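# build the 3D model from these lines:
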Amino acid sequence: MAEGTVLVAVTEHPEDGCATAGQWTRIAERIRASGLQVRWVVSASDAEAMLRTEAGLAAAVVAWDLLPRTEDGPGGATVLRRIGRRFQNLPVFLVMADEGLRELPLWVSQSVVGYVWPLEDTPAFIAGRITTAARAYQDALLPPFFKALRRFDDAHEYSWHTPAHSGGVAFLKSPVGRAFHDYFGERLLRSDLSISVEELGSLFEHTGPIGEAERNAARVFGSDRTYFVLHGDSTCNRLIGHFSVTRDEIALVDRNCHKSVLHGLVVSGARPVYLVPTRNGYGLAGPLPPAEITADSVAARIAKSPLTGDAVSSRVQYTVFTNSTYDGLCYDAVAVARTFAASTPRLHFDEAWFAYARFHPLYAGRYGMSVDEEAFPGPDRPTVFASQSTHKLLAALSQGAMVHVRPAPRAPVEHDRFNEALMMHGTTSPLYPMIASLDVATAMMDGPQGQWLIGEAISEAIRFRQEMVRIGRRIEAAEDRPPWFFGVWQPGEVTDPANGTRLPFDEAPADLLRTEASCWHLAPDADWHGFLGLADGYCMLDPIKVTLTCPGLDATGVMSDWGIPARILTAYLSTRGIVVEKTDSYTTLVLFSMGITKGKWGTLLDALMDFKDLYDGDAPLDRVLPVLVAEHPQRYAGRSLRALCQEMHDHLRDARLVELLDMAFQQLPEPVAPPQLCYQRLIRGGTERIRLADAPGRVAAAMVTVTPPGIPVLMPGESIGEEDGPLLRYLSALESFDRQFPGFGSETHGVTRAPDTGDYLIECLRPDEQEGLLSAVTPTQRRRAQSTKTMG
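Predicted coordinates:
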């Protein structure tokens, strides 16, 4: 490994001139001579500061009698506890001033590997003990695959296999190739290897270091079996769906799903029955309400669906839902599994944004792999899959993902059969640095360091949340400027369960918010979240997913006379180099991942304050959004920021866009044909692109997903409905908004725009194909379709 650092936390300063200080100076010189760095501090507070920022420690030497003392004991005790929370198996030597071992608490012996009396041994001997322990720690630190990859790279063997760049050498033979080589570096290119390198193992055979890394990940993430996937959570979703349900079998699908879930249905040929999540006044998708997932409710939806009449069975084979949601809503996993168990033998938690949940007690029982034999004993427990996009909020390279499996007797998962699905969706040319990143992401979460890393992200998110509320209160109290500021979607008050005291959110102790999950529960029918039909404890808001709210609309859907649409705010933030995760009509989402710092979120606070000043001062738009004005001068030249905000707010209110969005997602289109059948027509030329004006009564051939909110609004095989139906009214309102406000348009997958008019175009079945499809369905399907929807 590269050189590491040894922390020396002792009471003597190097310049003290005493015998002990001189001895420590000689010990430090010996440690440096071995290739390790030394960080010398003389107080517990300095040691703690270093422990927060220095991840490259290889060993620590800590004096028990460090200052300052606290009520918990001497400073050395504080430092030992901090090391135990931050590092796993770091070798720690405790420095003793006398023969006081008998006075040490018993836990100390479990926290250290040895003791040092600096004047009783030679500097060479003491330094040797420390460096030997440090090297052993460094050698054991690396996880299985990453260690093997480094060992192979260190062998400097010639490459006689693919890839053809041969460790980057081919790039050196071309000017542009040399630029590529210099930018990415030789080490990355040398580690881009072929599956022919047997000593690194096989991704599909799960052998060697790769197999060992997957088994290590299963231990760390709490699964029975874990599979590394190199094409993101999208591939995880497709392969789980492909394995779990076959042609003409029934799948229960959360409508708040990623489009890759639909792709899995297309591949498998399953017949989807959709479950409808609740929504709030902001237009944010909430959880599936408890009443929506009961056995009776599921049976009613299956009986009503026109697609299930000639399914191979009326029994559900597979259920998939999103946990946590994009906006940070996570379920009581065991409660949901118990409810779904009456309807399904296989339960898939799509946890693309939730790979960290196992590693902090705040999320206990909120993730798929927590549904184990202890939490849900007995024969009814379903097999649980969890698909996780490891790279999103853990430290892995983009596209790095994992599938975790916890099988149950009622739906066994035989490895060889699941592996067939994996091979169908995987690659025989894996990128080894990506595999190494999954291995390292696992190791970073192993032991106390995982909780420390996630805890740090939670702490920074809480600090930001509280500071936003405090700034709003200060602005209101100052009375020297308009009394408005941006809000945060969170409870206004929390309860301390220890004494029942209600506290304003910004005045609650940070430790309470960090450790007490009930502070983040969505209490039934609470106005702050705006969702109806929830049970106490059923759903929780993840604190690291922070939704900022803009004036103009609240969570219950009440609009005010003035407002600041979030699209204008995020356009301004982009000019400041701040790119948010998601923007809705009056909310925007920012993520507090492990890479967050106080400086980073402080910059966001500053930008929000600056936007307020620009709005209050009615700044010219060409000063606030110069690129927008330059690209659309006829539309925006001469306008002010406040005028544009008000015009857009008035348009959203008059068009009732947020209300129409809610209607479109709550009143689902009528299914007419299975998705796979529509895909076949799409590939074989049986579809056409038509304008919204021509769409009433037609059947969609491709998915339509509008961002915001990023959820499919129309699935292949569904009827687009009538002209005055909720779907076409919503899409028409979006089309009108895009025309009215160029530069602020929605990102709409599955919709193209006519080059001459900008009209929305949707892929639909051709009339003859649609007629032939309807004539081909069974009498049961036809009766159901005609009883619930009249085709145009």
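
# now do the strands in the stretch 201-350 of the chain.
225-229, 250-254, 271-275, 316-322, 329-331, 346-350 (DSSP state E, counting those that start in this stretch).

# Glu420 is nearest to which of those strands?
The closest of those to Glu420 is strand 225-229. By C-beta to C-beta, the value is 12.3 Å. Any C-beta I mention is one placed from the backbone N, CA and C, and that applies to glycine too.

# distance from the chain centre to that closest one, please.
From the chain centre to the centre of strand 225-229 is a distance of 18 Å (C-alpha atoms, centre = their mean, to the nearest Å).

# let's test this: mean pLDDT of that strand, rounded?
Average pLDDT, strand 225-229: 98.

# pick the most deeply packed of the strands of the stretch 201-350 of the chain.
The highest mean neighbour count among the strands of the stretch 201-350 of the chain, using mean count of other C-beta atoms under 10 Å, belongs to strand 346-350: a mean of 29.

# what's that one in contact with?
233, 237, 240-241, 244-245, 254, 257-258, 261, 317-323, 333, 337, 340-341, 367-368, 371, 382-387, 411 (C-beta atoms under 8 Å, 6 or more residues apart in numbering).

# picking that back up, using TSV, lay out the strands of the stretch 201-350 of the chain together with distance to Ile596.
Shown next, in TSV, are these (distance: least, C-beta to C-beta, whole Å):
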stretch	distance to Ile596
strand 225-229	26
strand 250-254	29
strand 271-275	33
strand 316-322	23
strand 329-331	19
strand 346-350	24
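
# and the gap between the most centrally placed residue in the chain and Leu101?
The residue lying closest to the centre of the chain (C-alpha atoms, centre = their mean) is Trp353, at 2.2 Å. Distance, Trp353 to Leu101, using C-beta to C-beta, to the nearest Å: 49 Å.

# same check, this time on Ile544
43 Å.

# more neighbours: which of those two?
The residue with more neighbours, out of Ile544 and Leu101, is Ile544; 24 against 12, by other C-beta atoms under 10 Å.

# pretty sure Ser459 is one of the things the more buried one touches, is it not?
No: Ile544 is beyond contact range of Ser459, at 9.8 Å (criterion: C-beta atoms under 8 Å).

# in three-state terms, label the residue nearest to Leu189 when sequence neighbours are not counted for me.
Of all residues not flanking Leu189 in the chain, Gly168 sits nearest, at 3.1 Å (C-beta to C-beta, 6 or more residues apart in numbering). Counting by DSSP: H, G, I helix; E, B strand; the rest coil, the backbone at Gly168 sits in coil.

# ok, longest helix in this structure?
helix 448-478 (DSSP state H).

# and that one, average pLDDT?
Helix 448-478 shows a mean pLDDT of 96.

# could you list the buried residues of that helix?
448-466, 468-469, 471-472, 475 (16 or more other C-beta atoms under 10 Å).

# for stretch 617-633, same thing?
In stretch 617-633, counting by 16+ other C-beta under 10 Å, buried: 619-622, 624-625, 628-629.

# can you pick out the most distant pair from these?
Ala619 and Leu628 (13.4 Å).

# any low-confidence regions in the stretch 651-792 of the chain?
For the stretch 651-792 of the chain, the stretches with pLDDT under 70 are 708-710, 775-792.

# now do the helices in it.
657-666, 675-683, 726-740, 767-776, 779-788 (DSSP state H, counting those that start in this stretch).

# ok now the third one, how far from the chain's centre?
Averaged C-alpha coordinates place helix 726-740 at 30 Å from its chain's average position (C-alpha atoms, centre = their mean).

# packing partners of that helix?
Under the contact definition 3 or more C-beta pairs under 8 Å, 6 or more residues apart in numbering; DSSP states H and E, helix 726-740 sits against helix 641-655, helix 657-666, strand 704-707, strand 711-714, strand 760-765.

# could I get those in TSV, plus columns for mean neighbour count?
TSV is the format used below for those (neighbours: other C-beta atoms under 10 Å):
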stretch	mean neighbour count
helix 641-655	18
helix 657-666	20
strand 704-707	19
strand 711-714	24
strand 760-765	22
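
# the ones you listed: which one's closest to Glu54?
The nearest among these, by C-beta to C-beta, is strand 704-707 at 40.3 Å.

# wait, Leu534 sits on Pro287?
Yes: Leu534 lies in contact with Pro287 (C-beta under 8 Å); the separation is 7.1 Å.

# where do the contact lists of these two overlap?
Joint contacts of Leu534 and Pro287 (C-beta under 8 Å, 6+ apart) are 278, 522.

# who has more neighbours, these two?
Higher neighbour count among Leu534 and Pro287: Pro287, with 28 against 22, using other C-beta under 10 Å.

# where in the stretch 251-400 of the chain is pLDDT low?
For the stretch 251-400 of the chain (pLDDT under 70), the answer is none.

# state the number of residues packed around Phe744.
Neighbours of Phe744 (other C-beta under 10 Å): 18.

# got the phi and psi for Tyr137?
When read as degrees, to the nearest 10, the backbone of Tyr137 gives phi -60, psi -50.

# show me what contacts the nearest residue to it once chain neighbours are set aside?
In space, and not counting its chain neighbours, Tyr137 is closest to Pro91: 5.3 Å by C-beta to C-beta, 6+ apart. For Pro91, the contacting residues are 58-60, 113, 130, 133-134, 136-137, by C-beta under 8 Å, 6+ apart.

# any chance of those residues in TSV, plus pLDDT, secondary structure and distance to Glu769?
Listed next are the contacts of Pro91 as TSV, based on pLDDT from 0 to 100; DSSP: H, G, I helix; E, B strand; the rest coil; distance: C-beta to C-beta, whole Å:
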residue	pLDDT	secondary structure	distance to Glu769
Ala58	96	strand	67
Ala59	97	strand	71
Ala60	97	strand	71
Val113	95	coil	73
Ile130	97	helix	76
Ala133	96	helix	72
Ala134	96	helix	70
Ala136	95	helix	69
Tyr137	95	helix	66
